[in-house]
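J.: here is my input, please return the structure:
(one chain, ligands or ions: 1)
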Amino acid sequence: MQTIDNYDFSGKKALIRVDFNVPLNDKFEITDDTRMRAALPTIKKVIEKGGSPIIMSHLGRPKEGPEDKFSLRHLVGHLSELLGGISVKMAPDCIGAEVKKIARGLNPGEVLMLENLRFHKEEEKGVDSFAQELAENGDCWINDAFGTAHRAHASTAVMAKFFPNDKMFGYLIESELESLDKVLKSPKRPFTAIMGGAKVSSKITIIENMLDKVDNLIIGGGMTFTFVKANGGKIGSSLCEDDFLETAKRVEKLAAEKGVKLIMAHDVVAASAFAADADTQITPADNIPDGWLGLDAGPESIEKMKNVIEESGTILWNGPVGVFEFEKFEKGSREAGNAIVAATSKGAFSLVGGGDSVACVNKFNFTDGVSYISTAGGALLEYLEGKTLPGIAAVRG
Ligand code: AMP
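T.: Numbers count the residues shown, from 1 in each chain. Reported below is the predicted structural model:
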């Protein structure tokens, strides 16, 4: 398979699909450039190997054609800075004769930024002729946008067909896949998944897929109470999805059949209201007083969860185990994070992914203590669900 490392870029114009969908303030200043930094290794490598990077991305959600506030020109200056002062040319569009002329005229080491792909509705529709026009700007295609790899858009997947022998992943996607495959395909045992967050409905497909892979499944957060209620417990006003009571029973049965140890809170921190300053009491998870709601795992459950995590060889964390945004209910998530860091320092591989668990890791400063943090959102969730991602399949062929 072609890779950035084994491909000869000399004199080639390399179309690189990146995810530069960064937040901008009302002065069009970038407020978080993490995504731009993440793409730098790929862009720099192309330059180093004598190629000309042509950057393709979307930005925001333009509705009808070009809109200045979504123009990628707002990013050009900063990209140039991040590349150590190399000047970055801005194209007036992403397709068309003029753009093609600029792209084709690039000298080795020169960088071109194409205008927002989503100024053309054909991008998201994955229209062949649009993908072909994009493809005509370059000699090879690098997909380095894991965040959009679950979309079959022109630039994220369809373009591949115009580069049967000149397509590859960028370093960012390569490292995402390497980390995910370590967890999903060859986990060091025991493998523990911590699935938290609010709702069973949004996590059920991942939970079911994980049951074929893990040794321990910790279910935390608001999801707990659908399981507790399904077993006849009294959950007060805790979050519950009544449509998923049967699903919860099914998950428990499947876990037992597959020999997966299911771990859930048996004591909880109950709150008098969903509020930072609510009154609290520790109660059994299945005997929460009327009007009270479970917002975090209780002390005994936290101990049990920590023991399981610390003994693990591989850990996947998706979703907080309590309402970590409020100090009174953050302990379960903080301690889960501490246990993950401890296990990682003893040699476990830990992967954290999904918006809110990443927010947790940032809030509690665990960033350096875990093995890999995926910021991919939807694409990560679909990968964990076991789905084939169009942007990945397009490169692997
Ligand atoms: P998700 O996006 O599904 O991962 O859900 C994350 C959200 O779940 C966070 O904002 C948490 O505050 C929330 N959450 C965690 N535990 C609970 C709980 N016991 N009750 C209600 N919400 C919760």
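
J.: and the closest residue to the ligand within the stretch 1-150 of the chain, its phi and psi?
T.: Taking C-beta to the nearest ligand atom, the ligand has its nearest neighbour within the stretch 1-150 of the chain at residue 147, 16.6 Å off. C-beta coordinates here come from the backbone N, C-alpha and C atoms, glycine included. Per-residue torsions, residue 147: phi -60, psi -20 (degrees, to the nearest 10).

J.: secondary structure element for the nearest residue to it once chain neighbours are set aside?
T.: Nearest non-adjacent residue to residue 147, counting by C-beta to C-beta, 6 or more residues apart in numbering: residue 19, 4.3 Å away. Following DSSP states H and E, there is no helix or strand that holds residue 19.

J.: burial count for residue 19?
T.: The number of residues packed near residue 19 is 23, by other C-beta atoms under 10 Å.

J.: distance of whichever residue of the stretch 151-300 of the chain sits closest to the ligand relative to residue 93?
T.: Closest contact between the stretch 151-300 of the chain and the ligand, by C-beta to the nearest ligand atom, is at residue 197 (2.5 Å). Relative to residue 93, residue 197 is positioned 41 Å away (criterion: C-beta to C-beta, to the nearest Å).

J.: for residue 44, same thing?
T.: 26 Å.

J.: one more: residue 41?
T.: 28 Å.

J.: how distant is the helix or strand residue 14 falls within from the center of its chain?
T.: Using DSSP H and E, residue 14 maps to strand 13-17. Counting by C-alpha atoms, centre = their mean, to the nearest Å, strand 13-17 is centred 23 Å from the centre of its parent chain.

J.: can you check stretch 241-260 too?
T.: With C-alpha atoms, centre = their mean, you get 26 Å for stretch 241-260.

J.: check contacts around residue 118.
T.: If you count contacts by C-beta atoms under 8 Å, 6 or more residues apart in numbering, residue 118 has them with 58-62, 70, 124.

J.: rerun that using 6 Å as the cut-off
T.: Applying C-beta atoms under 6 Å, 6 or more residues apart in numbering, we find residue 118 in contact with 58, 62.

J.: now residue 106, what's its secondary structure?
T.: Three-state call for residue 106 (DSSP: H, G, I helix; E, B strand; the rest coil): coil.

J.: ramachandran angles for it?
T.: Per degrees, to the nearest 10, the backbone of residue 106 is at phi -70, psi 140.

J.: quick one: contacts of stretch 184-198?
T.: Outside stretch 184-198, the residues that touch it by C-beta under 6 Å, 6+ apart are 203, 207, 210, 214-222, 308-309, 312-321, 336.

J.: for stretch 335-346, that is, sorry about that
T.: The contact list for stretch 335-346, computed with C-beta under 6 Å, 6+ apart, reads 194, 302, 306, 309-310, 312, 315, 321, 350, 364, 366, 369-371.

J.: and that stretch, how far out from the chain's middle?
T.: Here stretch 335-346 is found 21 Å from its chain centre; the criterion is C-alpha atoms, centre = their mean.

J.: would you tell me whether that stretch gets close to the ligand?
T.: No: judged by C-beta under 6 Å from any ligand atom, stretch 335-346 and the ligand are separated, with a smallest distance of 11.6 Å.
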